[in-house]
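K.L.:
Below is the sequence, then the predicted model.
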Amino acid sequence: MTLDAATLDAGDPLAPLRERFVGADTPLVYLDGNSLGRPLRATAQRVRAFVEDEWGGRLIRGWDERWYDLPLTLGDRLGEVVLGAAPGQVAVGDSTTVLLYKMARAAVAARPGRSEIVVDRDNFPTDRYVVEGVAAECGLTVRWIEADPDGGVTAEDLAPVLGPETALVVVSHVAYRSGYLADVEGLARLAHDAGAWILVDLCHSSGAVPVQLDAWQVDVAVGCTYKYLNGGPGSPAFGYVASRHLEDGSFAQPVQGWMGAADSFTMGPSYAPARGIRRLLSGTPPIVGMLGLEDMVELLAEAGIEAVRAKSVALTEYAVALVDRDLPDVRVASPRAPAVRGGHITIAHPRMREVTASLWERDVIPDFRMPDGLRIGLSPLSTSFGEVADGVAAIGQALSG
Ligand SMILES: *Cc1c(COP(=O)(O)O)cnc(C)c1O
């Protein structure tokens, strides 16, 4: 592989799509699209049109015309383009954290008599905190997996902690720190063999890595939409519930609100859940927050998720090669095999905290993760190979400065 950025950009079939993003024409080097994706130019138009026409013009009629069903219609589209999910299983709304809570509570309620929830010590903090809270609330025990911090949860890690007491396994598809790409299908099989459900967090994979929730037999999944799905700060998360759990009624979430009830506008005396995935909703959904996501899902459909993954792999391979060549004192704290790596890498050095701070002042934007990791996020459609080269060069200068 050549390490010449101009050659790589010239040979990148997805390169023209980069111009669709706000700020792509500036010299700023953005290596944190896995924390907050860049906005699409189309979204600026869409937000203005929404305020003036859809909200300003249609007013309350907008609910009947589009908004009431948008969490489910957009969920279906996301399921089709990004998640490998047939219609009727995905809803958009709430934050990832809130959906993790709803899903974990629903899962343990569906496995009565079982006393343990399995999660790994290096999972994202909110995932661990939610699991601790649900365990405390429901009188369950957290069974911790100690996974390799430069890797992630493997079948060998999971198998020994499973048993007849396991109610639920919670894993991230891509580990937020190392970038490790878990074998969700294999982990789901293990969980099911033990009679447990699996809850998969897709925050760091959806939009960069192909996901096949139906084929992998996942029970429930959540993910955010402001990372590789470019929905904007605080854009709502999505939740997936396998149709088998919706059809047999085994999925019951704890925040019973009118928007997830069987008939929202009967204003009935007591709650009965809606049929299907609508039952995941609680209150009025955040419509404005879905506008950016609508645009990005269509862009991903245009590009094709397999092509997005191919570019993602090329970008992380390129970053690793440059780090190996140019930053001899830095350790790659991510898997070296692209087959088990998502869309970002972490590189470690004792000075990475101050390095990150100095880079931000120079418009080179990676992020820092405790204790010594600089994370290089490579959002496939908005990142060029030139940005990667400039970014790694700037890291080298900051380390030697
Ligand atoms: C980003 C991220 C979250 C964020 O949760 P919010 O409720 O959106 O703040 C959760 N889990 C993982 C794995 C993440 O990467």
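P.N.:
Perfect, thanks for sending it.
K.L.:
what's the helix or strand of the chain with the lowest mean pLDDT in contact with?
P.N.:
Confidence across the helices and strands of the chain bottoms out at strand 367-369, with a mean of 95, counting by mean pLDDT, DSSP states H and E. Where contact means Cβ atoms under 8 Å, 6 or more residues apart in numbering, the residues beyond strand 367-369 that reach it are 31-32, 35, 176-177, 346, 352-353, 356-357, 374-375, 377. All C-beta atoms are positioned from the backbone trio N, CA, C, and that covers glycine.
K.L.:
what lines up beside it in the sheet?
P.N.:
Counting by DSSP bridges, the strands paired with strand 367-369 are strand 373-377 (antiparallel).
K.L.:
Next SSE downstream of the strand it pairs with?
P.N.:
Sequence order places helix 385-400 as the next helix or strand after strand 373-377, per DSSP states H and E.
K.L.:
Give me the contacts around that next one.
P.N.:
Contacts of helix 385-400 from elsewhere in the structure, counted by Cβ under 8 Å, 6+ apart, are 3, 5-6, 8-9, 12, 29-31, 314-315, 318-319, 322-323, 326-327, 329-330, 347, 349, 351, 355, 358-359, 362, 364, 366, 374, 376, 378.
K.L.:
May I have the phi/psi pair for residue 363?
P.N.:
phi 60, psi 30 (degrees, to the nearest 10).
K.L.:
quick one: contacts for it?
P.N.:
Neighbour list for residue 363: 27, 28, 29 [criterion: Cβ under 8 Å, 6+ apart].
K.L.:
Take those residues and, keeping just the buried ones, write it as a ChimeraX select command.
P.N.:
Selection of buried members from the contacts of residue 363 for ChimeraX, criterion 16 or more other Cβ atoms under 10 Å:
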select :29
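K.L.:
Helices along this structure, start to end?
P.N.:
Assigned by DSSP state H, the helices in the chain fall at 5-10, 41-49, 56-58, 61-62, 70-78, 96-110, 125-138, 155-158, 184-193, 243-247, 291-303, 305-326, 352-361, 385-400.
K.L.:
now the longest one and helix 385-400, what's the angle there?
P.N.:
Using axes from the mean of the first three to the mean of the last three Cα atoms, to 10 degrees, the inter-axis angle of helix 305-326 relative to helix 385-400 is 30 degrees.
K.L.:
before we move on, what about the fifth one?
P.N.:
Angle of helix 70-78 versus helix 385-400, following the same axes, to 10 degrees, is 100 degrees.
K.L.:
Touching helix 70-78 from outside, list them.
P.N.:
Helix 70-78 is touched from outside by 85, 87-93, 206, 229, 238, 277-278, 281, 285, 287, 290, 293-294, 297, with contacts defined as Cβ under 8 Å, 6+ apart.
K.L.:
Kindly report the same for the shortest one.
P.N.:
If you take Cβ under 8 Å, 6+ apart as the criterion, helix 61-62 is touched by 54, 55, 287.
K.L.:
try it again with 6 Å
P.N.:
Around helix 61-62, the neighbours that count as contacts under Cβ atoms under 6 Å, 6 or more residues apart in numbering are residue 54.
K.L.:
again with stretch 47-57
P.N.:
The set of residues external to stretch 47-57 that reach it, using Cβ under 6 Å, 6+ apart, is 62, 291.
K.L.:
on that earlier part again, now restrict the contacts of helix 385-400 to buried residues only.
P.N.:
Buried residues within the contacts of helix 385-400, defined by neighbour count using 16+ other Cβ under 10 Å: 5, 8-9, 12, 29-31, 314-315, 318-319, 322-323, 327, 330, 347, 349, 355, 358-359, 364, 366, 374, 376, 378.
K.L.:
what's the domain layout of this structure?
P.N.:
With domains defined by automatic domain parsing, the chain comprises 5-30+304-400, 47-299.
K.L.:
Quick one, which of these gets closest to residue 39.
P.N.:
Closest approach to residue 39 among the domains of the chain is made by domain 5-30+304-400 (4.7 Å; Cβ to Cβ).
K.L.:
Please identify the residues of the chain in proximity to the ligand?
P.N.:
Proximity of the chain to the ligand is confined to 95-97, 124, 126-127, 172, 176, 201, 203-204, 224, 237 under the rule Cβ under 6 Å from any ligand atom.
K.L.:
Any stretches of this structure with poor pLDDT?
P.N.:
For the chain, not a single residue meets the criterion pLDDT under 70.
K.L.:
ok, for residue 342, nearest residue in space, not its chain neighbours?
P.N.:
Counting by Cβ to Cβ, 6 or more residues apart in numbering, residue 342 lies nearest to residue 174, which is 3.3 Å off, once chain neighbours are set aside.
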